[in-house]
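Undergrad: fold the following.
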Amino acid sequence: MSLTVYRRATRLVDSAEDVYDWHARPGAIERLSPPWEPVRVLERTGGIADGDRAVLRIGVGPLAVRWVAEHRENEPGRQFCDVQVEGPFARWKHRHRFEPIPDGGCVLEDRIEYALPLEPVSDLVAGGPVGRRIARAFAYRHRRTARDLELHRRYPLGGSRRFAVSGASGGIGSALCALLSTGGHRPAALVRSETSRVPPAAAGTVEWDPAAGRVDAAGLEGTDVVVHLAGEPIAAGRWTDATRHAIRDSRVEGTGLLARTLAGLDRPPRVLICASAIGLYGDRGDEVLDEGSPPGEGFLADVCREWEEAADPARAAGIRVVHIRFGLVLWPGFGALQRMLVPFRAGVGGRLGSGRQFWSWVSLDDVLGAILHCAARDDVEGPVNVTAPRPVRNAAFSRTLARVLGRPACVPAPAAVLRLALGEMADALLLAGARVDPARLRQGGYEFLDPELEPALRHLLGREEGDE
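TA: Numbers count the residues shown, from 1 in each chain. As a prediction, the model looks like this:
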């Protein structure tokens with residue numbers, strides 16, 4: 001059996017012990033999984049000690065494979081290995097090494113020995129693509145490790161903190177739980193029942209049922225930070241009367257219930273961070289909008305205004321309340337970017353409507369960074385725009401995505417067709433424009449991980465310059 005060896009080494013400013021600990025905590029697998037590679041943790045036994053195992057499902061549908069990795073050769077603070085005991089390779093051994101260097105940092109080294117099944121035919125047919133796929137994945141993993149460690153250095157939060165996260169099974173919530181866990185914090189997921197899906201990185205659960213007006217107040221006692229992200233999806237289909245009621249009630253009633261409950265605790269959290277959205281500003285054309293700009297008009301603007309007002313009971317009780325107004329959150333696994341990838345990869349993507357409307361986007365990494373910033377900074381309260389500092393028009397967004405994917409952007413979607421297919425939702429989500437400035441983040445010294453669109457997309461999609 002012939003072995004192929006892949007090695008990647010990156011110098012980090014963090015100590016070998018800190019980087020090892022980051023890898024050892026729950027959530028590291030989720031944080032390290034490239035977003036273009038669908039990976040689901042099915043089962044986990046222990047951590048990274050010798051004999052501990054992780055069972056993963058990689059891929060989707062009938063092409064998905066089960067991968068069982070066993071940890072071996074653990075040297076606390078220095079290294080551990082993953083060895084495939086079941087999976088797609090004839091052999092796979094992955095050594096994670098953390099080598100101290102004199103300045104107090106370390107070298108993170110990943111070394112993989114692997115062999116494909118059905119050699120030598122597989123080497124001829126798939127050797128090159130597999131090697132490139134591994135290289136893309138580990139370039140991302142090293143960037144991810146450095147970014148997450150940087151966020152934890154920026155926002156130590158005074159030690160291990162207990163978080164409660166609603167909407168923890170969603171795209172933002174599950175990523176937040178994983179990030180918090182790798183930083184040594186203890187995220188608890190607010191769940192509707194014992195059968196609710198809970199992120200593997202969650203350290204516990206707190207039951208609540210917004211529709212029934214019930215929440216386990218005792219389970220929230222002593223929580224340091226509450227991050228409230230729950231709400232019905234706004235882009236799941238046409239907006240019927242029932243859909244509008246669900247969108248509004250899930251946000252307004254749920255926020256009100258949580259705010260009243262927190263206000264009545266003996267040991268309330270020091271901060272409640274509530275999701276909101278730049279939909280509050282409505283369709284404002286080229287007007288530059290900051291947190292002091294008045295609300296706009298329309299269904300989403302009305303919902304966002306009521307959503308933020310629903311947190312008033314917590315504010316009145318002396319809890320610091322922050323409303324994070326999300327822009328267009330970019331992540332390949334959910335939201336607008338996920339929906340755009342299919343047509344753009346097929347070469348049939350293009351601008352929406354006139355393409356002149358501003359899209360105020362933000363990477364998921366900066367969403368998580370902004371949440372930590374708001375949790376750590378006692379001087380931050382009220383509305384905070386969570387958008388990248390350089391919004392772009394939809395036509396420019398479309399051209400950039402197409403360029404990153406190496407495809408044309410030559411099939412526009414006329415506004416009339418979008419309205420026919422999606423109704424009111426098309427105007428509110430796709431054709432409306434809001435040129436939003438994250439003024440409070442900028443003024444508070446937040447350093448964006450992804451200030452520019454094209455590098456952000458390349459990071460998220462694993463597309464380096466020249467991949468086109």
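Undergrad: tell me how many other residues crowd residue 447.
TA: Using other Cβ atoms under 10 Å, residue 447 has 12 neighbouring residues. (Each C-beta comes from the backbone N, C-alpha and C, glycine too.)
Undergrad: where in the stretch 1-150 of the chain is pLDDT low?
TA: The stretch 1-150 of the chain contains residues with pLDDT under 70 at 1, 119-127.
Undergrad: ok, which stretches of it are strands?
TA: Along the stretch 1-150 of the chain, counting by DSSP state E, counting those that start in this stretch, strands occupy 4-12, 39-45, 53-58, 65-75, 79-86, 91-100, 106-115.
Undergrad: ditto for the stretch 301-450 of the chain
TA: 320-326, 328-330, 358-359, 361-363, 382-386, 392-393, 435-436.
Undergrad: nearest to residue 447, out of those strands?
TA: Closest to residue 447 of the strands of the stretch 301-450 of the chain is strand 361-363 (Cβ to Cβ; 13.1 Å).
Undergrad: neighbouring strands for the closest one, and are they parallel or not?
TA: Strand 361-363 sits in its sheet next to strand 328-330 (parallel), going by DSSP bridges.
Undergrad: tell me the mean pLDDT over the strand it pairs with?
TA: Model confidence over strand 328-330 averages 96 on the pLDDT scale.
Undergrad: name the residues that touch that strand?
TA: 171-172, 335-337, 359-364, 367, 387, 456-457, 460 (Cβ atoms under 8 Å, 6 or more residues apart in numbering).
Undergrad: and for stretch 94-106?
TA: Looking at what lies outside stretch 94-106 - Cβ under 8 Å, 6+ apart - the contacts are 11-17, 19-20, 23, 69, 73, 77-83, 107-112.
Undergrad: off-centre distance for that stretch?
TA: 27 Å (Cα atoms, centre = their mean, to the nearest Å).
Undergrad: and that stretch, what's buried?
TA: Neighbour-count burial for stretch 94-106 flags 94-98, 105-106 (criterion: 16 or more other Cβ atoms under 10 Å).
Undergrad: out of these, flag the one nearest to residue 374.
TA: Once Cβ to Cβ is applied, the member of the buried residues of stretch 94-106 that ends up nearest residue 374 is residue 105, at 28.8 Å.
Undergrad: where does the stretch 301-450 of the chain dip in pLDDT?
TA: Ranges of the stretch 301-450 of the chain meeting pLDDT under 70: none found.
Undergrad: need the helices for it, in chain order.
TA: 312-316, 335-345, 364-376, 394-405, 415-422, 424-425, 439-443 (DSSP state H, counting those that start in this stretch).
Undergrad: how about the stretch 101-250 of the chain?
TA: 121-154, 171-182, 217-220, 241-263.
Undergrad: next, the angle from the longest one to strand 91-100.
TA: The reference is to helix 121-154. If you take axes from the mean of the first three to the mean of the last three Cα atoms, to 10 degrees, helix 121-154 sits at 30 degrees to strand 91-100.
Undergrad: which helices and strands sit right next to helix 121-154?
TA: strand 4-12, helix 16-24, helix 28-32, strand 106-115, helix 171-182, helix 364-376 (3 or more Cβ pairs under 8 Å, 6 or more residues apart in numbering; DSSP states H and E).
Undergrad: contact partners for residue 256?
TA: 310-311, 313.
Undergrad: now residue 296
TA: 280-284.
Undergrad: what's the answer for residue 149, then?
TA: 12, 14, 18-19, 22.
Undergrad: now with 10 Å?
TA: Going by Cβ atoms under 10 Å, 6 or more residues apart in numbering, residue 149 touches 12-14, 18-19, 22, 108, 182-183.
Undergrad: could you check how far it is from residue 31?
TA: 11 Å (Cβ to Cβ, to the nearest Å).
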